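Trainee: coords please:
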Amino acid sequence: MTQTAPRTDPADLVRHELAQVEAILRDSCRSEVELLQEAAHHTVSAGGKRLRPQLALLSAAAAGAHNGRAVGVAAACELIHTATLVHDDVVDESDSRRGRESARFHYGNPASVLMGDFLVVRAFRIVAGEPDRRLWTLLAETIARMCEGEVLQLCTRGDTSAGESVYDTIIECKTAVLMSLCCRLGCLVAGRDPACVERLADFGYHVGMAFQIQDDILDFLGDETVLGKPVGGDFREGKVTLPLIYALEHAAPEDRELLQQLCAKSSALTRDDVDRATRIIEAAGGFDRARERARQLVEEARRDLETVPPGPARDGLVALSEQVVERIH
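Mentor: Below is the predicted model:
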């Protein structure tokens, strides 16, 4: 009987480097101001999969890096990601994050905003030590794009006429550009040629797009205890995501009208309202079509790696891309 080979665990391939990243993250929380240090530690210690550091570290390894510089840029990218989560919770008035009280709930909005800014500055401090000055510019440009995505999403809240192209722009800015940056920086510190840098950056971009689509599916279908936040939270905030967009295109007229009415209620939605919307989206094929789009993006990501030298690091990147569409939280 033929046995299937065990799948590569990407985190295992960079376990030692991830431990170094954690040490940098803890050090980055230090401040003479006790409240700031406590709030930063509360947020950073919430954990998570450290997907972005894994992307940076595995990209560096796939590009043949034999130096420790990837650890620093991996930590910087995670600090940027963490800061955006803090700011998102303030904007969305979220009380929970990763199964625990959000920083804004525990420390208030003013301290949370400033703590998020503090983490961004800490990220720049790390990158400032790099001899390649392009890294600073790339980090700044990426943060600017992420801000643009968040503002665009604010401008389109509750707007059911916003189509797939607007959605793509939002998730590209919110999520994909940072994951692309992780891979780009990992490859740059490895000293590889521009073609290799672009291939790995494209990989991160496609993985990031797929990740956000899956995240938007889980907003409706995820397990609240596993998600660490209320199911339907994005829908209650008026965010028009891909499953909803597809459902509005293909639902029966009466169901489309009901979805539009529910979108208009936004924060006044009950759990029953969210359940009704979920059933309509399911019946209209919104989730299935969104899953298929995410799978297509992962296939594109795999093609991006075809010219990357084979080895454990490339296998780890492939496994990481597969985890994106298979995850349940």
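Trainee: Please make it C-alpha for all contacts and neighbour counts, starting now.
Mentor: Noted.
Trainee: packing partners for the longest helix along the chain?
Mentor: Ranked by residue count and defined by DSSP state H, the top helix of the chain is helix 194-221. Applying 3 or more Cα pairs under 8 Å, 6 or more residues apart in numbering; DSSP states H and E, one finds that helix 194-221 contacts helix 164-171, helix 177-189, helix 233-236, helix 242-250, helix 271-283, helix 286-304, helix 312-326.
Trainee: Just say which of these is most tucked in.
Mentor: The highest average neighbour count among those, using mean count of other Cα atoms under 10 Å, belongs to helix 177-189 at a mean of 28.
Trainee: what helices or strands is that helix leaning on?
Mentor: Here helix 177-189 touches helix 51-62, helix 69-92, helix 134-155, helix 194-221, going by 3+ Cα pairs under 8 Å, 6+ apart.
Trainee: ok, residues contacting that helix?
Mentor: For helix 177-189, the surrounding residues in contact (Cα atoms under 8 Å, 6 or more residues apart in numbering) are 52-53, 55-60, 63, 65, 69-70, 73-74, 77, 81, 135, 138-139, 142-143, 145-146, 196-198, 200-205, 207-208.
Trainee: For ChimeraX, what selects the buried ones among those?
Mentor: Selection of the buried residues among the contacts of helix 177-189 in ChimeraX, burial being defined by 16 or more other Cα atoms under 10 Å:
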select :52,53,55,56,57,58,59,60,63,65,69,70,73,74,77,81,135,139,142,143,145,146,196,197,198,200,201,202,203,204,205,207,208
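Trainee: residue contacts, Gly149?
Mentor: Residues near Gly149 by Cα under 8 Å, 6+ apart: Thr169, Ile170, Ile171, Glu172, Cys173, Lys174.
Trainee: Closest one of those to Cys263?
Mentor: Ile170 (18.2 Å; Cα to Cα).
Trainee: Quick check: pLDDT value at that closest one.
Mentor: As predicted, Ile170 sits at a pLDDT of 97.
Trainee: Likewise for Asp9?
Mentor: Asp9 is assigned a predicted lDDT (pLDDT) of 87.
Trainee: Let the chain start at 736 from now.
Mentor: Right, with 736 as the first residue, what we last looked at is Asp744.
Trainee: shouldn't it be in contact with Ala1054?
Mentor: Yes - contact criterion Cα atoms under 8 Å: Asp744 and Ala1054 qualify, at 7.0 Å.
Trainee: for the closest residue to Ile948 other than its chain neighbours, what are its contacts?
Mentor: Nearest residue to Ile948 in three dimensions, chain neighbours excluded: Ala1029, at 6.2 Å (Cα to Cα, 6 or more residues apart in numbering). Residues in contact with Ala1029 (Cα under 8 Å, 6+ apart) are Met944, Ala945, Phe946, Ile948, Gln949, Val1060.
Trainee: Which two among the residues you listed are spaced furthest apart?
Mentor: Greatest spatial distance among the contacts of Ala1029 (Cα to Cα): Met944 and Val1060, at 10.6 Å.
Trainee: Looks like Thr910 contacts Gln949 (just checking).
Mentor: No - at 11.8 Å, Thr910 does not count as touching Gln949 under the criterion of Cα under 8 Å.
Trainee: For Gln772, find the nearest of the helices and strands packed on helix 912-924.
Mentor: Closest among the helices and strands packed on helix 912-924, using Cα to Cα: helix 804-827, at 13.8 Å.
Trainee: show me where pLDDT drops low in this structure?
Mentor: Low-confidence segments of the chain (pLDDT under 70): 736-742, 833-834, 959-964, 1063-1064.
Trainee: Spatially central, which residue of it would that be?
Mentor: By Cα atoms, centre = their mean, the chain has its centre lying nearest to Thr910, at 4.7 Å.
Trainee: contacting residues for that one?
Mentor: Applying Cα under 8 Å, 6+ apart to Thr910 gives the contacts Met881, Gly943, Met944, Gln947.
Trainee: Swap in 7 Å and give it another go.
Mentor: Going by Cα atoms under 7 Å, 6 or more residues apart in numbering, Thr910 touches Gly943, Met944, Gln947.
Trainee: For the residues you listed, give me CSV that also has distance to Thr891.
Mentor: CSV is the format used below for the contacts of Thr910 (distance: Cα to Cα, whole Å):
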residue, distance to Thr891
Gly943, 21
Met944, 19
Gln947, 17
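Trainee: So which other helices or strands are in contact with whatever helix or strand Lys1000 lives in?
Mentor: Lys1000 belongs to helix 988-1000 when assigned by DSSP states H and E. Using 3 or more Cα pairs under 7 Å, 6 or more residues apart in numbering; DSSP states H and E as the contact test, no helix or strand touches helix 988-1000.
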